[in-house]
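Enquirer: here is a sequence together with a model predicted from it:
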Amino acid sequence: MSWNPPWPPIQVAADEWVLVRDSPRRASAVVRRFIGAHGTYFRVVTWAERSEDRRLVGRFRSLEEADRSVKFTVPKAGSEYAGYPAHTDARHPWTLAEQELMWREKNG
């Protein structure tokens, strides 16, 4: 099964990408490509405005592996997704049940 997140990595510099998960308006992680004597790797850190507040997620051999390492927040069943303002009636579109249904429809 291929990895098809709703928002692919967004390249912001030659060797840097931003990953978005729960909201298209908020970064979830930053990926940087490093090329050295032992080959190329992609380092993933959680997003925070200040660099010192970011946390290492891991180092990966490809951008796709790095992208897969950042997970979605799954809201509790029947509850409003905490990322939306309380006055809206929007529901989080990527619950596990909806993801599974979309996968089944796509793959038979």
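Expert: Received, thanks. Not measured: the values here are computed from a predicted model.

Enquirer: now do the helices in the protein.
Expert: Assigned by DSSP state H, the chain shows helices spanning 63-68, 96-107.

Enquirer: mind listing what's buried along the first one?
Expert: When you say that, I think you mean helix 63-68. By 16 or more other C-beta atoms under 10 Å, the buried positions in helix 63-68 come out as 63, 66, 67. C-beta coordinates here come from the backbone N, C-alpha and C atoms, glycine included.

Enquirer: residues in contact with the nearest residue to the first one once chain neighbours are set aside?
Expert: Setting aside the residues directly before and after it, residue 63 is nearest to residue 42 in space (C-beta to C-beta, 6 or more residues apart in numbering), at 5.6 Å. Contacts for residue 42 (C-beta atoms under 8 Å, 6 or more residues apart in numbering) come out as 31, 32, 33, 34, 59, 60, 61, 62, 63, 65, 66.

Enquirer: so for residue 62, what's the pLDDT?
Expert: Turning to residue 62, the model gives it a pLDDT of 95.

Enquirer: okay, now it: neighbour count?
Expert: By other C-beta atoms under 10 Å, 12 other residues sit near residue 62.

Enquirer: I'd say residue 43 and residue 32 touch.
Expert: Yes. Residue 43 is within contact range of residue 32, at 5.1 Å (criterion: C-beta atoms under 8 Å).
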